[in-house]
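A.B. asks: What follows is a predicted protein model with its sequence.
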Amino acid sequence: MANQSRGNWSNRLEFLFSCIGVTVGLGNIWRFPYICYKNGGGAFLIPYFLCLFLIGTPCVFLQFSYAQYSNLGPGKVWECCPLFKGIGYGMMTLTFIVGTYYSVILSWTLYYFGSSFFPTVPWSTCGNDWNTEICSVRTRMYSNGTGNESMLINNTYINGDTNITRKPPSEEFWENNVLQLTEGIQTMGTVRWELLLGVLATSIVIFLCLIKGIHSSGKVMYVMASIPYVFLTALLIRGLTLPGSIQGFKYYMLPRWQELLKLDVWVDAAAQTFYSLSLSSGALIVLASHNKFHNNIYRDAMIIPMFDAFTSWFAGCVVFVTLGYMAQEANLSIEDVVDQGPGIAFIVYPEALATLKLPQLWSALFFLMLFTVGLDSQIVHMQLLYTGLTDTWPNKFGRRRLLTVAVILLLSSIIGIVFVMQGGMYVLQLTDWYLSSLSILLLVGSETIVLAWVYGSGRIYDNIEAMIGYRPNKLWMILWKFVTPFLCFGLWLIGVINHQPVSYGSTAYPGWSIGIGWIIAFLPLIPIPVTMYIILKQQHGSLRERFRKSLNPTKEWKPAISSMQDDKDVEMKLNGNASYM
């Protein structure tokens, strides 16, 4: 039975494709391949899949469960334990911050996509307006014009006794043309109007996709979540025909078992699980909140993490067969061409594509794929903010859906102007670095502890049984109550102890900017104590009585199905008489 007043998915596939769209993001393409390669190649899959089972899947199942049961998004779903509403608001805050710079990344892909149609792709040659005298195409040998040949090693040309550091044209195109990068965050420069137009164009596309709520976004996700796999497959087939591709694949997947003895490998595996599944953003909560009451979330919670893991591995295959070709062509080892983050997407991979026949075609396909991969994630980010606002304040925002979506997008674009300035890349790196270092693990760990211990894992099982007709294996209780929270806070503590100040390449950040970074890191956590204070102040009685009342579900917490809402006995069973482990 559907919740017609709020809106439900037309069918289960819309929900699954939307979940795939938000979990399969840019991190699958530019983060996982490098992390896998760095941490033991094929051996890394052992800790990664173990973390996926111990952390990723339990968290996905938990978020699906309480969101589908109530048909409430992150801004309202904490009626189950109102003292901790700030966790939901913290997730919304984090998503809004990420959304302000995610559109900028999409703008970069549009810039490259448009540049792919030039007669010569502009990142393949030197001699352009943005190139410097140290620009040089990576080839096997470099002629110094005197008849002597100089060998390129790690981007340094050895010419007799003189070492000259060179930059490939793809790097100069990225830094000097796309970003017009300044010398540091202390020099922000001017606005890059081409990138700002790309942000506005992205916002318009997102607005059109959300114009009819989930009924339009669900249809869009069929296309947006499918296109990347078509392009990835085409790029993989093309890559496998290139010399050196098999060597690149071996570098990627050859197990180095000794790496499993390092703690950093396990930390990276857990971190990749959190980032890739978007567990801290609340995106899966808002998507599940539009499910029909009897949808089988148990089955769906098993599918989504495995699909995400397969995509990460598959994208790594595409990247490394191409890098293997690039390394052979330049007579370099794979270590000298592999990179992570934006570097692999906007410097290394374009450089490799530029050496292929019809580079315009392959470059256009690659950047269109990046755009669609990022766009479906950003659509869900904006949908989450809208749903959170309308659930919490239905009278203010629920009746003005288009205006609310437009204001969210406009506000996000205005704040995002700082990221499209010439020094914007430094701000983006700073923001992303400190959000990842503190907020993500604490939000997910707090969510798991509150639901498993305060609301009660037994009560959750009662809710699940009401939806799917049976109780899952008790293993999930153990994971929710003990394993997942322990790993979340343990990994957070390790991350804080081993924390390093942010840098962009070799460029260090001044002290005042590090302070701003820590402020950004705490922003998603501020709603938790603030909301606690407000909730306790609204209650009556002694402090102990206020706490007790604030920890119990409110009258608004109920199953999202009319026949059960009218049945007081069923509602009492589901909300009050929970059986605990």
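C.D. replies: Arrived safely, thanks for sending.

A.B. asks: per-residue pLDDT, Tyr580?
C.D. replies: Tyr580 is assigned a predicted lDDT (pLDDT) of 35.

A.B. asks: for Phe231, same thing?
C.D. replies: Confidence score, pLDDT, at Phe231: 91.

A.B. asks: pretty sure it contacts Leu365?
C.D. replies: Yes - with contact defined as CB atoms under 8 Å, Phe231 and Leu365 form a contacting pair (5.1 Å). Where C-beta positions appear, they are placed from N, C-alpha and C, glycine not excepted.

A.B. asks: helix/strand/coil for Leu13?
C.D. replies: Assigned with DSSP: H, G, I helix; E, B strand; the rest coil, Leu13 falls in the helix class.

A.B. asks: Leaving out chain neighbours, which residue sits closest to it?
C.D. replies: Tyr222 (7.5 Å; CB to CB, 6 or more residues apart in numbering).

A.B. asks: can you map out the strands along the chain?
C.D. replies: Listed in chain order, the strands of the chain (DSSP state E) span 141-143, 149-153, 156-159, 162-165, 503-504, 507-508.

A.B. asks: coming back round to it: what's around the residue nearest to Leu13, how many residues?
C.D. replies: 14 (other CB atoms under 10 Å).

A.B. asks: swap in the one 5 residues further on?
C.D. replies: Summarising burial for Ile227: neighbours were counted as other CB under 10 Å, giving 17.

A.B. asks: Contact partners for it?
C.D. replies: Going by CB atoms under 8 Å, 6 or more residues apart in numbering, Ile227 touches 368-369, 372.

A.B. asks: I'd like these written out as JSON lines, with pLDDT, distance to Pro359 and neighbour count added.
C.D. replies: Output for the contacts of Ile227, formatted as JSON lines (pLDDT from 0 to 100; distance: CB to CB, whole Å; neighbours: other CB atoms under 10 Å):
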{"residue": "Leu368", "pLDDT": "94", "distance to Pro359": "14", "neighbour count": "18"}
{"residue": "Met369", "pLDDT": "92", "distance to Pro359": "15", "neighbour count": "23"}
{"residue": "Thr372", "pLDDT": "93", "distance to Pro359": "20", "neighbour count": "21"}
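
A.B. asks: picking up where we left off before, residues touching the residue nearest to Leu13, list them.
C.D. replies: So Tyr222 contacts 13-14, 17 (CB under 8 Å, 6+ apart).

A.B. asks: what does Ile535 give?
C.D. replies: Contacts for Ile535 (CB under 8 Å, 6+ apart) come out as 82-83, 85, 550.

A.B. asks: how about 10 Å then?
C.D. replies: Counting by CB atoms under 10 Å, 6 or more residues apart in numbering, Ile535 touches 78, 82-86, 546-547, 549-551.

A.B. asks: pLDDT at it, what is it?
C.D. replies: At Ile535, pLDDT is 95.

A.B. asks: Which positions within stretch 475-490 qualify as buried?
C.D. replies: By neighbour count on 16 or more other CB atoms under 10 Å, the buried set for stretch 475-490 is 476-477, 479-481, 483-485, 487-489.

A.B. asks: between those, which is nearest Gly40?
C.D. replies: Leu487 (19.5 Å; CB to CB).

A.B. asks: which residues sit in contact with that closest one?
C.D. replies: If you count contacts by CB under 10 Å, 6+ apart, then Leu487 has 51, 54-55, 58, 266, 270, 273, 441, 445, 448, 479 around it.

A.B. asks: What is the burial count for Gly25?
C.D. replies: Counted with other CB under 10 Å, the neighbours of Gly25 add up to 26.

A.B. asks: Please name the spatially closest residue to Tyr34 (chain neighbours excluded).
C.D. replies: In this structure, Tyr34 finds its nearest non-sequential neighbour in Gln340, 3.6 Å apart by CB to CB, 6+ apart.

A.B. asks: before we move on, what about Leu443?
C.D. replies: Of all residues not flanking Leu443 in the chain, Ser280 sits nearest, at 4.6 Å (CB to CB, 6+ apart).

A.B. asks: Got the phi and psi for the one you found?
C.D. replies: phi -90, psi -10 (degrees, to the nearest 10).

A.B. asks: Let me see the confidence value for it.
C.D. replies: 90.

A.B. asks: you'd agree it is up against Ile97?
C.D. replies: No - between Ser280 and Ile97 there is no contact under CB atoms under 10 Å: 11.4 Å.

A.B. asks: Those two: who's more crowded?
C.D. replies: Neighbours were tallied for Ser280 and for Ile97 using other CB under 10 Å; the higher tally belongs to Ser280 (26 against 19).

A.B. asks: can you pull the contacts of the more buried one?
C.D. replies: 59, 87, 90-91, 94-95, 98, 274, 435-436, 439-445, 447, 524.

A.B. asks: In this structure, where is pLDDT below threshold?
C.D. replies: Filtered on pLDDT under 70, the chain yields the residue ranges 1-6, 139-165, 215, 562-581.

A.B. asks: Would you mind measuring from the residue nearest to Leu13 to Asn11?
C.D. replies: 11 Å (CB to CB, to the nearest Å).

A.B. asks: and what of Ala508?
C.D. replies: Separation of Ala508 from Asn11 (CB to CB) stands at 52 Å.

A.B. asks: For the stretch 301-450 of the chain, which segments count as helices?
C.D. replies: For the stretch 301-450 of the chain, helices defined by DSSP state H, counting those that start in this stretch occupy the ranges 342-343, 349-353, 359-392, 401-415, 424-434, 440-449.
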